[in-house]
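[1] everything below, folded, please.
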Amino acid sequence: MACASQSALEYVTNSRVHLVGELRSLSVILENLYQQGVLVDEEVSKIKAEKDDYDRTRAILNSVTRKGEAACYKLLRIIDLTRRRTLERPAPFSRISHEASTEAKRFDLHHWISCFPFKEDEEMNVNYIQ
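    The predicted structure follows:
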């Protein structure tokens, strides 16, 4: 699991496999990244054109990590503020295999995002599209 002493870039990079598998409502994330100036029109269009949500999530993470620490911080902030829509809860035990259940117990994205040390920054307290 990611450690709170890591930078936002390291936090996102180290949790990539979990984010790809569990992020939802990508349109909310994309719109917020666009509104925050992290992504431009062309990038949003390319991401939307990807064939499925896994590829769209990978494209979002690729674009954000390429842009560095500030972009990753904004992504984490967006995920934190929109977590009810963007983070999927693990499925009940009866619907998933024991191995997947064990993995879900080890990595909970809701807990993961709450561990990141967001700074109190007035600039970051802008309206996010929920």
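
[2] for the rest of this, base every contact and every neighbour count on C-alpha atoms.
    Fine.

[3] dump the longest helix along the chain to CSV, keeping only the CA atoms.
    Among all segments of the chain classified by DSSP state H, the helix with the greatest residue count is helix 53-67. What follows is helix 53-67, C-alpha atoms only, in CSV (Å, rounded to 0.1, in the frame of the first residue of the first chain):
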residue,chain,number,x,y,z
ASP,A,53,-12.7,1.9,-19.1
TYR,A,54,-9.4,0.1,-18.3
ASP,A,55,-7.7,1.7,-21.3
ARG,A,56,-9.3,5.1,-20.4
THR,A,57,-8.0,4.8,-16.9
ARG,A,58,-4.5,3.9,-18.1
ALA,A,59,-4.6,6.8,-20.5
ILE,A,60,-5.6,9.2,-17.7
LEU,A,61,-2.8,7.9,-15.4
ASN,A,62,-0.3,8.1,-18.2
SER,A,63,-1.2,11.7,-19.0
VAL,A,64,-1.2,12.8,-15.4
THR,A,65,2.0,11.0,-14.3
ARG,A,66,3.8,12.5,-17.4
LYS,A,67,2.9,15.9,-16.2
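
[4] need the residues that contact that helix.
    For helix 53-67, contacts defined as C-alpha atoms under 8 Å, 6 or more residues apart in numbering pick out 9, 12-13, 16, 19-21, 23, 26, 30, 38-39, 43, 47-50, 71-72, 75.

[5] how about a cut-off of 7 Å?
    By C-alpha atoms under 7 Å, 6 or more residues apart in numbering, the residues outside helix 53-67 that reach it are 9, 20-21, 47-48, 50, 71-72.

[6] and S5, how many residues sit next to it?
    Around S5 there are 11 other residues, counting by other C-alpha atoms under 10 Å.

[7] which one is the most centrally placed residue in the chain nearest to, not counting chain neighbours?
    Closest to where the C-alpha atoms of the chain average out (C-alpha atoms, centre = their mean) is I79, at 5.2 Å. Nearest residue to I79 in three dimensions, chain neighbours excluded: T86, at 6.5 Å (C-alpha to C-alpha, 6 or more residues apart in numbering).

[8] no further queries at this time; thank you.
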